[in-house]
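Student: Give me the fold of what follows.
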Amino acid sequence: MADFDTRAISTIRGIAMDGPHAARSGHQGTAMSLAPLAHVLFTRVMKYDASRPDWADRDRFVLSVGHASILQYAMLHLAGFGLELDDIKDFRQWGSATPGHPEVGHTAGIEVTTGPLGQGVANAVGMAIAESQLRTRYGADLFDHHVFAIAGDGCLSEGISHEAASLAGHLGLSKLVMIYDDNHITIDGETALALSDDAPARFRSYGWHVLELGEVGDDLDAIEAGLNEAKAVTDAPSLVIVRTIIGTPATESADTHEAHGYAILDDEIAATKEAMGMPVDETFHVPSDVLETYRAAGICGSAEREAWEQRLAAFDGDRAALEAQLSGTGMPGWDENLPGYKAGDSVATRKASGAALQAMLELVPGLTGGGADLTGNTGTAIKGHGVFSPADPGGRQIYFGVREHAMGAIANGMALHGGAIPVVGTFLVFADYMRAAVRLAALSEAKVLFVWSHDSVGVGEDGPTHQPVEQIASLRAIPGLRVIRPADANEAIEAWKVAVRSGGPTALIMSRQNLPVLEGSAGAPVGGGAYVLQEADDAVVTLVGTGSEVSVCVDAAAALAEQGVAARVVSFPSWELFADADPDTQEAVMRPELPSLAVEAGIAQGWHRWVNDVVSIDRFGASAPGGTVMRELGINVDNVVARARTLIDA
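Tutor: Reported below is the predicted structural model:
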């Protein structure tokens, strides 16, 4: 390596040791061994402008090995993204800009929130899909960039990476370049303890272009040549395999599993710095000429970015659609032609949801996605806008296959890339497969629309393996996830309006079975979280329902009226939205002076925040017709009436 390159890489390695050592916490070894790769990416290969980190046509960088975050922070500081050296000195501390794992929206230059291994692999696949759709729709003059991701042995061991890589190869995502840091080390020890996969053969079988560069961890020219070869591939994603020595050039810890974490301490840091020709008695040493050169590299893309801005200004295509797509919103009038339903109709909310999606496609150009082999079942079919494939890289219907976990994380990548409002669907019970990705969507505030149908034991004959009972409660437990369970077709339409208008992720929980369209639900204020569907001036109890159980509450109120007992009915589609309402509104809806009974075909957990008692299902379901299962497990008018009378008497 040239003298400057050597000193630049030593600077990164010094920060990689000093940051975790100052925090007494963190991961040093991977960041040290990947310093040459990062140097090549940020100075020779990637297209970006550090002065405008949100430039829409920049290359994307995803650190799937998020535990090596100190590497990314070092590069963001050196390249001039606004991260100061004092921020790095504050690594992993309260309120710092350098948390333990990268967090999008928290630090300029971080594209996705990574940490759980393998998530970044799927995020990168989603970003490549979004890039392809934008490039196909608006032309390569406006969108033509790559997605670079660094993954490790842990990422490729996690099942999500298998799902994501399989789909990426099938779709021929040629703008995706994943670098596999093959260092043979995990926390427990050498990877041979638990791993004997032939990764190159596996990725070739997925349809990837695979480059095995060998032991070139410190060979900058070989790394650059490999990355440029990968960029030139036009029909497949690329896996660039680089054999590295974790912790190199640490004098004692290199190539040990201890180097994965925080193991390089005072004496070894000093010895390693001395071996690299760095000041031994100075922490966070950044030579001025190294910083100046990196800062120049950080803005070398500014001319290309300015030329792009001129092309954007001259764009004579559908500018309204482009602007809506990049801002993640709808065009004027997008919510004016949605379907409506008459009281007395019988419609499954998944069907109404699918009709709403189809009606919005023209004026909400970012909507794209599909289901995990359940596209028709979940109402996530997108008709008339192409099927995403190598033959149609701009298609808006995406068939994810039976890959729920990857589907969720791919959707996060699409949303965080920009230009897409991803819609993904599967059965509610399989939200369990997606949970890590859903949690990260909430943490990232990614605008993903999760459509989960078959929302209760009303699924019926498929039995308890397919009948959700605890899933809605578990989703409501995720901070930042907006969960909406509509009572009927009209509420389903209003739920879609809320989801498209709002930022962050939304869970739309839909029924398999037909539900009656209720009197008073047209134009319902779903955005308020709960509302009075039926009022009674002389009411002595409030029946609170959500989803399919609202109609049970309506029928129970009628039965109570025949017994001379007046009951109000509140439809409660979203706890999160209602929690945001002002106290006066909450009091007007719930009337706390009256006893209240909630009815939901799921576990009772959490309902007592809002009501006095709950008719619920706190057990697994059974295989039988859906109506029978509901009735036998207490979601029926007679049981609700009896429980309401008991509550009134109490």
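Student: who touches the helix or strand encompassing Ala598?
Tutor: Element membership for Ala598, per DSSP states H and E: strand 596-599. Residues from elsewhere that reach strand 596-599 (CB atoms under 8 Å, 6 or more residues apart in numbering): 541-546, 549, 552-553, 556, 570, 572, 590, 604, 607, 610-616, 635, 640, 643-644, 647. All C-beta atoms are positioned from the backbone trio N, CA, C, and that covers glycine.
Student: and if you look at stretch 95-111?
Tutor: By CB under 8 Å, 6+ apart, the list of residues contacting stretch 95-111 reads 19, 25-26, 50, 53, 60-63, 66-67, 69-70, 72-73, 76, 79, 81-83, 87-88, 90-92, 112-115, 123, 127, 416-417, 443-445.
Student: could you redo the last one with a cut-off of 6 Å?
Tutor: With CB atoms under 6 Å, 6 or more residues apart in numbering as the test, stretch 95-111 has contacts from 53, 60, 62-63, 66, 69, 72-73, 76, 81-82, 87-88, 90-92, 112-115, 416, 444.
Student: Enumerate the positions of it that are buried.
Tutor: Across stretch 95-111, burial judged by 16 or more other CB atoms under 10 Å covers 96-104, 107, 109-111.
Student: Among these, which ones are in helices?
Tutor: Judged by DSSP state H, those include no members of helices.
Student: Now distance to Glu163 too, for those, in JSON lines please.
Tutor: Compiled in JSON lines, the buried residues of stretch 95-111 are given as follows (distance: CB to CB, whole Å):
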{"residue": "Ser96", "distance to Glu163": "34"}
{"residue": "Ala97", "distance to Glu163": "33"}
{"residue": "Thr98", "distance to Glu163": "31"}
{"residue": "Pro99", "distance to Glu163": "27"}
{"residue": "Gly100", "distance to Glu163": "26"}
{"residue": "His101", "distance to Glu163": "22"}
{"residue": "Pro102", "distance to Glu163": "22"}
{"residue": "Glu103", "distance to Glu163": "24"}
{"residue": "Val104", "distance to Glu163": "22"}
{"residue": "Thr107", "distance to Glu163": "28"}
{"residue": "Gly109", "distance to Glu163": "28"}
{"residue": "Ile110", "distance to Glu163": "24"}
{"residue": "Glu111", "distance to Glu163": "21"}
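Student: and those residues, which two are the farthest apart?
Tutor: Ser96 and Glu111 (19.2 Å; CB to CB).
Student: Show me how the record splits the chain into domains.
Tutor: 3-303, 346-516, 527-649 (automatic domain parsing).
Student: Can you tell me which of these is most buried?
Tutor: Highest mean neighbour count among these (mean count of other CB atoms under 10 Å): domain 346-516, with a mean of 23.
Student: picking that back up, toward the C-terminus from the strand holding Ala598, list the very next helix or strand.
Tutor: strand 613-615.
Student: what residues does the next helix or strand after that following strand touch?
Tutor: The helix or strand immediately downstream of strand 613-615 is helix 626-632, counting by DSSP H and E. By CB under 6 Å, 6+ apart, the residues outside helix 626-632 that reach it are 457-458, 460, 513, 621-622.
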